[in-house]
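S.K.: Sequence and predicted model, in that order:
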Amino acid sequence: MKGINRARTGLAGVVATFTVLALAACGGGSDTSGDGGDGGDEGGSDLIRVGFSQLGAESGWRTANTESVKESLSEDAGFDLTFVDAQQKQENQIKALRDFVAQDVDVIAFSPVIETGWDEVLQEIKDSGIPVVLVDRTVDTTVDDPFVTWIGADFKAEGTTAGEWVAENAPDAKIFELQGTLGSGAQVDREEGFGEVVGEQIIGKASGNFTRAEGKTAVEAALQAYPDMTMIFTHNDDMGLGAIEAIEAAGKVPGKDIQIVSVDGVRDGLQALVDKKFNYVVECNPVFGDQLAELITKVADGEDVPKETIVIDKAFDQTITQADVDARAY
Ligand code: GZL
């Protein structure tokens, strides 16, 4: 069972901007995250004890998401947060989830590094009665009704929006697709959305695992394998920034000889757009800590919550200004 049945959300163009989420700065408060904090200290009895397994720190997007989550799930805001970084390893996430069950937290939240491989631990969590809030990435599991609610972006719509820009602006481009972590919801759905629009223009694909270094390595190889490439569609900005390094090392001009279409919209990615090294960026907003805190509070209180909350984003082309980039929250 695919983790969610996403409502089709056509992503807004460059002009229209709206999101489901308030982008206000999140509440302050001390960060009680740690490697298994003991929680429950004096006065801690009325805090909502949350176990959060974050998949890693692989990208600017993830860093911004982690900051938002920690700021919103603070002790001042009423949470006792145990935050564990899995360094992009599923086995580390599964261990953390089992630890949260052993600690009998009130709510478990996690962003699954890939979609599959969770059946056993999700069944254990279900048997424990601890509610699960799925964050960002999606799961594909045989466990019935494995989580109470999911919050994140419509990855397929992001791929579609990127493809629509290419169809409109570069219909003859020969595209190399630089993919995120293979088997992750973001990679699977962005590939699907993009491929449905301009699949016949794609001449090659490889994964850069959402990291800058691996993105650079993948593009160094692709430049050898596909010398006629004229565009890269990268599943995130960090890999796209690695691609810029590889393209320049090969004596070519990013944004001109090889255009780059990206997803995320972190500051470094939008700076590349201002610098004309990226050509188009589809935003994927990581700053939803406040909305997540609201969902977790309702779940802890046994209140009804929507099955999914979609973060609706915008997209940027090279008309973006330095002032726009400087004003960005992340
Ligand atoms: C998207 C998120 C992806 C980002 C990458 O919501 O899961 O993971 O696009 C990050 O930057 O690594």
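M.R.: Great, that's in hand.

S.K.: Kindly report the residues of the stretch 1-150 of the chain close to the ligand.
M.R.: 58-59, 61-62, 136-137 (CB under 6 Å from any ligand atom). To be clear about C-beta, it is placed using only N, CA and C from the backbone, and glycine gets the same treatment.

S.K.: Which among these count as buried?
M.R.: Listed as buried from these are 58-59, 61-62, 136-137; burial here means 16 or more other CB atoms under 10 Å.

S.K.: In TSV, list those residues along with distance to Gln88.
M.R.: Listed next are these as TSV, based on distance: CB to CB, whole Å:
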residue	distance to Gln88
Glu58	6
Ser59	10
Trp61	13
Arg62	9
Asp136	13
Arg137	11
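
S.K.: For Asp257, state which of these is nearest.
M.R.: Ser59 (25.3 Å; CB to CB).

S.K.: for that closest one, phi and psi?
M.R.: Main-chain dihedrals, Ser59, degrees, to the nearest 10: phi -150, psi 170.

S.K.: swap in Ala221?
M.R.: Reported as degrees, to the nearest 10, the phi and psi values for Ala221 are phi -70, psi -40.

S.K.: so who does it touch?
M.R.: Ala206 (CB atoms under 8 Å, 6 or more residues apart in numbering).

S.K.: how near is it to Asp257?
M.R.: 18 Å (CB to CB, to the nearest Å).

S.K.: And for Thr319?
M.R.: Thr319 is 21 Å from Asp257, by CB to CB.

S.K.: More neighbours: these two, which one.
M.R.: Neighbours were counted for Thr319 and for Asp257 using other CB atoms under 10 Å; Asp257 has more, 12 against 9.

S.K.: how many other residues sit next to Glu214?
M.R.: With other CB under 10 Å as criterion, Glu214 counts 19.

S.K.: show me what contacts the closest residue to it other than its chain neighbours?
M.R.: Spatial nearest neighbour of Glu214, excluding adjacent residues (CB to CB, 6 or more residues apart in numbering): Gly208 at 4.4 Å. Going by CB under 8 Å, 6+ apart, Gly208 touches 178-180, 214-219, 234-235, 239, 242.

S.K.: what about 10 Å?
M.R.: Gly208 makes contact with 178-181, 214-219, 222, 234-236, 238-240, 242-243, according to CB atoms under 10 Å, 6 or more residues apart in numbering.

S.K.: just those residues that are near the ligand?
M.R.: Within the contacts of Gly208, those near the ligand by CB under 6 Å from any ligand atom are 236, 238.

S.K.: Looking at the contacts of Gly208, which are in strands?
M.R.: 178-179, 234 (DSSP state E).

S.K.: Which stretches in the stretch 1-150 of the chain count as strands?
M.R.: 48-54, 79-85, 107-110, 132-135, 149-153 (DSSP state E, counting those that start in this stretch).

S.K.: where along the stretch 151-300 of the chain do the helices fall?
M.R.: 155-169, 185-198, 212-225, 237-249, 267-274, 289-300 (DSSP state H, counting those that start in this stretch).
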